[in-house]
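Visitor: next one to model:
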Amino acid sequence: MDIGIDSIVVADPYLVETISREFDVDVVVSVLAFVDSPQKAEFFENLGAKSIVIDSNVNRHFDVLHAIRDSVDCELKLLVNEAAFTAVLSGMRILIFSHMLSGRNQGQMCLMIIIT
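Guide: Sure, this is the predicted structure:
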């Protein structure tokens, strides 16, 4: 199904698999998926990812980056200037839950980001 966009960035494995299977769109795995090993990269590629943003913690670990590159065929991306980004991420906790209320909000998904 063509939804009129080129790509979508997600971190959840279920969403990677579902979106890549159901829609004509490239799925990019977010840095929030914390892909820091060849095994994790292979996992997401096998789910249908066309691109993966590698975990910022391995940006300077060239042996790990080479191992990830050798393990997958999909595009790999790095955040090279994430100083402010990592300050926020270091204390971030992400909590996703179903928001079941009566009326117009019934059945909608609510995303709550808690920064500690």
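
Visitor: only C-alpha atoms for contact and neighbour calcs from this point on.
Guide: Noted.

Visitor: what residues are up against the closest residue to Ser7 other than its chain neighbours?
Guide: Of all residues beyond its chain neighbours, the one nearest Ser7 is Asp26 (4.4 Å), with distances taken as Cα to Cα, 6 or more residues apart in numbering. When contacts are counted by Cα atoms under 8 Å, 6 or more residues apart in numbering, Asp26 is found next to Asp6, Ser7, Ile8, Ser20, Ala49, Lys50, Ser51.

Visitor: swap in Ser20?
Guide: Here Ser20 is in contact with Asp26, Val27, Leu47, Gly48, Ala49 (Cα under 8 Å, 6+ apart).

Visitor: ranges for the helices of this structure?
Guide: Ranges of helices within the chain are 13-22, 38-47, 62-71, 83-89, based on DSSP state H.

Visitor: pick the most buried one from those.
Guide: Greatest average neighbour count among the helices of the chain goes to helix 38-47 (a mean of 19), per mean count of other Cα atoms under 10 Å.

Visitor: on that earlier part again, out of the contacts of Asp26, which sit inside strands?
Guide: Residues of these located in strands (DSSP state E): Ser7, Ile8, Ser51.

Visitor: what's the burial count for the first one?
Guide: Other residues within reach of Ser7, judged by other Cα atoms under 10 Å, total 14.

Visitor: do you know how far it is from Asp24?
Guide: If you measure Ser7 against Asp24 using Cα to Cα, to the nearest Å, the figure is 9 Å.

Visitor: domain ranges for this protein, per the record?
Guide: 1-79, 81-116 (automatic domain parsing).
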